[in-house]
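>>> Next input, structure requested:
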Amino acid sequence: MRIGSLDFVSDCRGRVVSAIALGLLTAMCAISYSEDAPAAQKPASTATGGKKLETITLGGGCFWCLEAAYQRIKGIEKVVSGYTGGTVKNPDYKQVCSGETGHAESVQVTFDPATVSREKVLDFFFEMHDPTTLNRQGADFGTQYRSAIFYANDEQKKAAEEALKRAQAEHKEKIVTEITKLDTFYPAENYHQNYYNLNSSAGYCRAVIAPKLKKLGLEVKPVK
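Numbering: from 1, shown residues only. Reported below is the predicted structural model:
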């Protein structure tokens, strides 16, 4: 079990962590955090330092995995883990984990289109998770782990539909990714942000996230 408020995180990931060898479980580390999460957001495009940035919201299983992968892509300016697609205002992690709020664990990915195109951001999304499993990624299951693209405008909707078609050509099974308009995105608690980079020795990070990064050809942090 993790320390303090992170105990529940360990419970929710228990389905995966319970399958990890004892040696990995004992390597879990503690982090400092705040329970407070940033305010809800509905961004689509912003201008920062002369750059015209775009933000798109994606759900593909555990947001720790998506965050870690996108952080390692050139042109990605910011990744925020959070919750969207549900009916409860300002949900917390425990509520979302229950599967009763309707929210999906998701990430808001802010990128520079001059460096990485919207199409590449979406193609990578379909590459980094299994879009054919309904409400499940690996051992994580429930509607909060569904595959989803939450578009902010018509351009993103069209791009998402085209990306799904490209991805479907690579899969024998039917892709179940939902494409729906973004309502409100609620950033997750601070201890979820930048999770893999701060906790690379934790059991889930070593057994699930690191192998996924390696498979994608992305940087894997050394275990301390």
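
>>> Residue 201 against residue 223, yeah?
Yes. With contact defined as C-beta atoms under 8 Å, residue 201 reaches residue 223; the gap is 5.0 Å. C-beta here means a position set from N, CA and C on the backbone, and glycine is covered the same way.

>>> Can you pull out the low-pLDDT segments for this structure?
Along the chain, the parts satisfying pLDDT under 70 run over 1-49, 224.

>>> Strands of that one, start to end?
Per DSSP state E, the chain carries strands over the ranges 45-48, 51-60, 76-84, 104-111, 136-137, 140-141, 147-151, 178-181, 186-187.

>>> Can I get these in a markdown table including mean neighbour count and distance to residue 195?
A markdown table is the format used below for these (neighbours: other C-beta atoms under 10 Å; distance: least, C-beta to C-beta, whole Å):
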| stretch | mean neighbour count | distance to residue 195 |
| --- | --- | --- |
| strand 45-48 | 11 | 24 |
| strand 51-60 | 22 | 15 |
| strand 76-84 | 22 | 7 |
| strand 104-111 | 26 | 11 |
| strand 136-137 | 20 | 16 |
| strand 140-141 | 18 | 14 |
| strand 147-151 | 23 | 20 |
| strand 178-181 | 15 | 24 |
| strand 186-187 | 20 | 13 |
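
>>> For residue 68, which of these is the nearest?
strand 76-84 (8.6 Å; C-beta to C-beta).

>>> angle of that closest one against strand 147-151?
Angle between the axes of strand 76-84 and strand 147-151 is 110 degrees (criterion: axes from the mean of the first three to the mean of the last three C-alpha atoms, to 10 degrees).

>>> In a markdown table, list the strands of the chain along with distance to residue 207.
Shown next, in a markdown table, are those (distance: least, C-beta to C-beta, whole Å):
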| stretch | distance to residue 207 |
| --- | --- |
| strand 45-48 | 36 |
| strand 51-60 | 18 |
| strand 76-84 | 19 |
| strand 104-111 | 18 |
| strand 136-137 | 14 |
| strand 140-141 | 13 |
| strand 147-151 | 21 |
| strand 178-181 | 28 |
| strand 186-187 | 26 |
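
>>> What is the neighbour count of the closest residue in space to residue 166 that isn't next to it in sequence?
Closest residue to residue 166 apart from its sequence neighbours, by C-beta to C-beta, 6 or more residues apart in numbering: residue 123 at 6.5 Å. Residues within reach of residue 123, counting by other C-beta atoms under 10 Å, total 16.

>>> What residues does residue 123 make contact with?
163, 166, 167 (C-beta atoms under 8 Å, 6 or more residues apart in numbering).

>>> Give me the subset of these lying in helices.
163, 166, 167 (DSSP state H).

>>> which one among those residues gets closest to residue 189?
residue 163 (29.9 Å).

>>> sorry, back to before: which of the ones in helices among the contacts of residue 123 has the most neighbours?
residue 163 (22 neighbours).

>>> Can you give me every residue that contacts that residue?
119, 122, 123, 125, 126, 149.

>>> now those residues in JSON lines, with distance to residue 97?
Shown next, in JSON lines, are the contacts of residue 163 (distance: C-beta to C-beta, whole Å):
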{"residue": "119", "distance to residue 97": "33"}
{"residue": "122", "distance to residue 97": "27"}
{"residue": "123", "distance to residue 97": "29"}
{"residue": "125", "distance to residue 97": "22"}
{"residue": "126", "distance to residue 97": "25"}
{"residue": "149", "distance to residue 97": "22"}
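
>>> Out of these, which sit inside helices?
Using DSSP H, the contacts of residue 163 in helices are 119, 122, 123, 125, 126.
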